[in-house]
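# Please find the sequence and the predicted model below.
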Amino acid sequence: MANKEPRVPTPRDDNNDPDFSAVLQELLAAYQPLLEEDLRRTKSADVLIKEEQDTTPNCEEEFALANRLFERFSQPDTAVRLLPPEAREIIGTINREGWCLRHIRCCLVFGYLVCRRQRTFRGFAYYVYRYWLCVREILGKSPAGRALTAEEREDVQTLIKSLASAYRPYLTDQLASIEFPLGLPDEVINGKIDCLEGEADSAAIFERLLNPETAAALLGRDVFKEQSREPWFWFCRCWCLCAIRLGCCLARARNLVDVVRCLRAYRLCLRDCFRPLQCELIAPTGCTDEEFIPQVGGLGVTVKGTAAGAGFLRYELQIRRVEGAACADDAGWSSPSDPSVVAYPGGGSAGTVPVVNGVLGWINTTVLAAASFEIRLRVFTTTSNVAQCTTCLPFNLFKKLVYISHVAGASVRTPPGPFVADAPITTGNPGGIVAPVGCCVTVRGSAWVGECNNRKIKCFDLRYGLGFLPGPNQVGFNPASYIGSLLVAPVCYTAPDEAGKRAPWNQVISGALTTQLVLTDVDLGNGTVLKLWKLRDYCFDSANILPPCPDAAHACRSGKYTLLLDVEDTLGNHYYDTQQVWFDNKPIHVEFAGLEALPSCQDMSLKKFVPPGAPCAAKWPVNLLGLVYDEYIDPVDLSYPSDNFAYYSLWITRQGGPTYSVPITPDLVVLGPDAFKGTQRVGEPGTRCEQAIGGCPVLPPPAKFFNALTKLDLRIFDEVCSLSLGAPYKPPAGFALKRGTCCGYTFELFAQDKTWSGDGSVGQCHQLWSLPWAVCICNDVDDHQG
């Protein structure tokens, strides 16, 4: 019943059916006073305006309207007239005043009101609650006038939770259409999508909502336990679903002709309740390609078929390797309720909604090898715990392991994972930030397809495109955008020696995509050397392979790029994966300029920098000057990752002695999270990498200038006063000068950015030391200072 388009009844035997005419007449009689009231309102605009001013819209009015519409229709004598003979026989065994017949009015009202206008999930939840209240009133257990009990609150929570599960597939489908609208224009133009699109969605939500768990929450556990044992209980659910769909159809009716169509569809729906129990599989079959399926969070195949009929309760799906066993043989089958193997529409551990020629579920094939498998479908009824219908369908799994998982050691953000085109490369999962890459880059992932119907991998290669381009499942994807942009030479499993190249160790599955097949000498000992084809991994030099300046946004081989993995099979089919990447091949500038107020090529006298009589308890500050500048990937984008500068640090080494790590502080008081790292650019180099590339546009940079890298406390050079320093300012033993002595010291400045390179090196692509800056320092402060 769910997962199929609503069908317009074609049999016209209703035309001469007195039961159909009588029920239609009752429905028209309910419509008549409502239509007459509106007709009277058309006589005077002033009267209508006054009525609008004297009334306030409220929810109870629409419930009163719905009850007026369905009161006569849901009377026992009228309600049973459209039931097929099998249903009338069942009803004959039920008390005509029992809950099953009387709750049909609740179903009609619920369907009518929830479909009168576009409802949000929150609005849908409100009508589910009112539906629950209506059913409880029918059962004589209405909570009106009192607070809900703890059990009743739990029942309402169960219903809303079930609604969320029933509603989620609808939202997932809508989001999928938004994310991957590639085929929608053609479907609209060709007429496949028209004004009737989406009418089946509400019916599918209703069917997913009314499952055994919600039945217990609707009726109450005691009533459900008692009534669910009855052999006719399943029909009450099916009847209610038909009534909900009728109410929904009438809410959308544009005229009375549509009302007749709704009633015909209602009668057919009731007949479908007694369709013989069916189980049929129609897909997968033959050589079936696996594909990324969000419901299983990986690669899988979609299972289609039928599981429906009288007494339907649930269905289960299983998979196993084809090994000649009979379908009924339980050996080797997967668990039907394992969420890592199978997913059902609406979630859960089994399919609880009848399906006719639709999607039964999805099988996760991510970890399965290419082989022959079979799917088993088992359908259960309300009268037995043993499957009443079982069928199997064999197929050959064609694996499509085509994805990029890592670039320069940085991994694709998961979730959403490597099969989502715009999932970025990050510093780690979960919660990592975008990682720019550069210099020599290793790309990892999988490039393998096969093998059935003589389809297997032929070649694969890796290319690049400028900018963040659409992925294979997105609008605008065009492999031609990458022509002539090879990053690595194609790896081909073709002659000569095709068999040797196809050896298992040459399959790229979770391995390096930057690789090549090389004929290698393998020493087996005893002087025996065997020649084997083996993969040799490497990294490609992005600082040389990428074009130097194709446009202003990609100057100096930097900017936003998209990598394309292209795998071709032996039949000429191509399989693609893309990965958006920030490349950073712009330089970092580092220069140490000395101590402020100390002329170049002169010795440093501490006495000239320390106020006379300055005690050891006072700071002896001096600025260390220099510049540290990491060029932005995109000069007009000053945010991360275009700005991926990491830090700079300073060291001072005494000649023949220890090294002192300089704290980075603007005032010898405030320190950053890491006391020895400065995280802001300092100064200006006065040049940009674009200036060295002919014809590359660049805005003239500011003039070169130095600025303060940090303040240095000169007490570190005095053996007496350095003892008063605490961490992190205190120098190591043997670093400071005795008074009246001199020694040479070397200053060095280091900086790096956050660019990843190689197979996981962070910062090594762009890290730079300044030229050593040496000076002779003399401790000539007065002995009385201290």
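Yes, it's here.

# any low-confidence regions in the stretch 401-550 of the chain?
Applying pLDDT under 70 to the stretch 401-550 of the chain flags no residue at all.

# Okay, strands next: where are they in the stretch 301-450 of the chain?
312-321, 342-343, 355-364, 372-381, 389-407, 410-412, 425-426, 437-441, 443-452 (DSSP state E, counting those that start in this stretch).

# Any idea how many residues pack against residue 244?
Residues near residue 244, counting by other Cβ atoms under 10 Å, number 29. Bear in mind the C-beta positions are built from the backbone N, C-alpha and C, glycine included.

# Can you tell me the SS state at it?
helix (DSSP: H, G, I helix; E, B strand; the rest coil).

# so it makes contact with residue 105?
No: using Cβ atoms under 8 Å, residue 244 is not in contact with residue 105, being 11.5 Å away.

# before we move on, the earlier item: as a markdown table, the strands of the stretch 301-450 of the chain with distance to residue 90 would be great.
Shown next, in a markdown table, are the strands of the stretch 301-450 of the chain (distance: least, Cβ to Cβ, whole Å):
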| stretch | distance to residue 90 |
| --- | --- |
| strand 312-321 | 15 |
| strand 342-343 | 33 |
| strand 355-364 | 22 |
| strand 372-381 | 15 |
| strand 389-407 | 21 |
| strand 410-412 | 56 |
| strand 425-426 | 59 |
| strand 437-441 | 68 |
| strand 443-452 | 49 |
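
# what would these look like in a markdown table with distance to residue 55 and mean neighbour count?
Shown next, in a markdown table, are these (distance: least, Cβ to Cβ, whole Å; neighbours: other Cβ atoms under 10 Å):
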| stretch | distance to residue 55 | mean neighbour count |
| --- | --- | --- |
| strand 312-321 | 46 | 22 |
| strand 342-343 | 49 | 24 |
| strand 355-364 | 45 | 22 |
| strand 372-381 | 50 | 22 |
| strand 389-407 | 55 | 21 |
| strand 410-412 | 58 | 23 |
| strand 425-426 | 57 | 22 |
| strand 437-441 | 66 | 24 |
| strand 443-452 | 65 | 22 |
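
# And those: which comes nearest residue 672?
Closest of the strands of the stretch 301-450 of the chain to residue 672 is strand 425-426, at 24.2 Å (criterion: Cβ to Cβ).

# which residues touch that closest one?
406-408, 410-413, 432-435, 437, 579-582 (Cβ atoms under 8 Å, 6 or more residues apart in numbering).

# same deal with stretch 538-545?
Stretch 538-545 is contacted from outside by 408, 437-443, 487-488, 512, 514-516, 557, 583, 585, 757-759, using Cβ under 8 Å, 6+ apart.

# For it, which residues meet the burial criterion?
539, 540, 541, 542, 543 (16 or more other Cβ atoms under 10 Å).

# biggest helix in this structure, by residue count?
If you go by DSSP state H, the chain has its longest helix at helix 150-179.

# Mind listing residues that contact the helix or strand just after that helix?
Going down the chain from helix 150-179, the next helix or strand is helix 184-189, by DSSP states H and E. For helix 184-189, the external contacting residues (Cβ under 8 Å, 6+ apart) are 177, 193.

# Would you tell me what the next helix or strand after helix 184-189 is?
helix 199-209.

# Between strand 355-364 and that next one, find me the angle.
70 degrees (axes from the mean of the first three to the mean of the last three Cα atoms, to 10 degrees).

# list the helices and strands helix 199-209 packs on?
Where contact means 3 or more Cβ pairs under 8 Å, 6 or more residues apart in numbering; DSSP states H and E, helix 199-209 is packed against helix 150-179, helix 233-251.

# Pick the most deeply packed of those.
When those are scored by mean count of other Cβ atoms under 10 Å, the highest mean neighbour count falls to helix 233-251 (a mean of 24).

# Which other helices and strands does the helix or strand following that helix contact?
Using DSSP H and E, the helix or strand that directly follows helix 233-251 along the chain is helix 256-272. Packing partners of helix 256-272 (3+ Cβ pairs under 8 Å, 6+ apart): helix 18-41, helix 233-251.

# What mean pLDDT does the shortest one get?
Taken as a whole, helix 233-251 has a mean pLDDT of 90.

# among the helices and strands packed on helix 256-272, which is nearest residue 62?
Across those, residue 62 has its closest neighbour in helix 233-251 (10.5 Å, Cβ to Cβ).

# what sits against the residue lying closest to residue 271 once chain neighbours are set aside?
Excluding its sequence neighbours, the residue lying closest to residue 271 (Cβ to Cβ, 6 or more residues apart in numbering) is residue 84, at 5.1 Å. By Cβ under 8 Å, 6+ apart, the contact list for residue 84 reads 270, 271, 273, 274.

# same thing with residue 655?
Listed by Cβ under 8 Å, 6+ apart, the contact set of residue 655 reads 743, 744, 745, 746.

# do residue 460 as well
Residue 460 makes contact with 447, 490, 491, 508, 513, 565, 566, 567, 568, according to Cβ under 8 Å, 6+ apart.

# hey, what's it bridged with?
Applying DSSP bridges to residue 460 yields these beta-bridge partners: residue 491, residue 567.

# Can you give me the distance of it to residue 401?
11 Å (Cβ to Cβ, to the nearest Å).

# ditto for residue 193
Counting by Cβ to Cβ - residue 193 and residue 401 are separated by 33 Å.

# Confirm that residue 132 sits in a helix.
Yes: assessed by three-state DSSP, residue 132 belongs to a helix.

# Number of residues surrounding it?
Residue 132 has 23 neighbours, counted by other Cβ under 10 Å.

# Can you read off the pLDDT for it?
Residue 132 carries a pLDDT value of 94.

# Tell me how far it lies from residue 723.
Noted for residue 132: a distance of 79 Å to residue 723, by Cβ to Cβ.

# List the buried residues in stretch 562-578.
Buried-residue list, stretch 562-578, by 16+ other Cβ under 10 Å: 562-570, 575-578.

# Report the mean confidence score over it.
On average, stretch 562-578 scores 95.

# for stretch 370-387, same thing?
Per-residue pLDDT values across stretch 370-387 average out to 91.

# same question, stretch 631-644
Stretch 631-644 comes out with an average pLDDT of 95.

# ok, now stretch 684-701?
On average, the pLDDT along stretch 684-701 is 88.

# Export the contacts of residue 460 to JSON lines and append columns for distance to residue 684.
Listed next are the contacts of residue 460 as JSON lines, based on distance: Cβ to Cβ, whole Å:
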{"residue": "447", "distance to residue 684": "45"}
{"residue": "490", "distance to residue 684": "45"}
{"residue": "491", "distance to residue 684": "46"}
{"residue": "508", "distance to residue 684": "46"}
{"residue": "513", "distance to residue 684": "40"}
{"residue": "565", "distance to residue 684": "41"}
{"residue": "566", "distance to residue 684": "43"}
{"residue": "567", "distance to residue 684": "47"}
{"residue": "568", "distance to residue 684": "50"}
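
# that older thread, any shared contact partners between residue 460 and residue 401?
Common contact partners of residue 460 and residue 401 (Cβ under 8 Å, 6+ apart): residue 447.
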